[in-house]
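Peer 1: structural data only, the sequence is not supplied:
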């Protein structure tokens, strides 16, 4: 129903910047909620940033002032701008989208929660 493809990860030096993208495709009517999560080796997955369809954002304390989440509703793409990156930001970053979908008969309904496969961000000198 909905497919997510993340991109933009890579190797960056401390203090550098990266922008992650999450392109959603399928029978999407509206993205109701989008979040970026990350999982570092040996640690649990944590929510980094989220945004609702109304534009309300939320960030984990460790990234406040450095990261910014946004959406492009025309393209159904979710972004995570990451600035002033630190080695502790190293992790696999996952996109999560909760979306309403439109069926072939034009019925709109809640489609569910969807995950991307992740993109690796490594912050190292």
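Peer 2: Sure, I can see it. All of these numbers come straight from a predicted model, not from anything done at the bench. Residues are numbered from 1 along each chain as shown.
Peer 1: quick check: residue 45 vs residue 100, distance?
Peer 2: Residue 45 sits 25 Å away from residue 100, going by C-beta to C-beta, to the nearest Å. For every residue, glycine as well, the C-beta is placed using N, CA and C.
Peer 1: pull the contacting residues for the residue of the chain most remote from its centre.
Peer 2: Computed with C-alpha atoms, centre = their mean, the residue of the chain farthest from its C-alpha average is residue 105, at 29.9 Å. If you count contacts by C-beta atoms under 8 Å, 6 or more residues apart in numbering, residue 105 has none.
Peer 1: part of a strand, is it?
Peer 2: No: counting by DSSP: H, G, I helix; E, B strand; the rest coil, one finds residue 105 to be coil, located in no strand.
Peer 1: what lies in contact with the worst-scoring helix or strand of the chain on mean pLDDT?
Peer 2: Taking mean pLDDT, DSSP states H and E as the measure, the chain has strand 108-115 as its least confident helix or strand, at a mean of 90. Strand 108-115 is contacted from outside by 1-4, 24, 27-29, 32, 94-103, using C-beta under 8 Å, 6+ apart.
Peer 1: and for stretch 84-95?
Peer 2: 4, 6, 9, 12-18, 20, 22, 34-40, 43, 45, 48, 62-63, 66, 78, 80, 82, 115-124.
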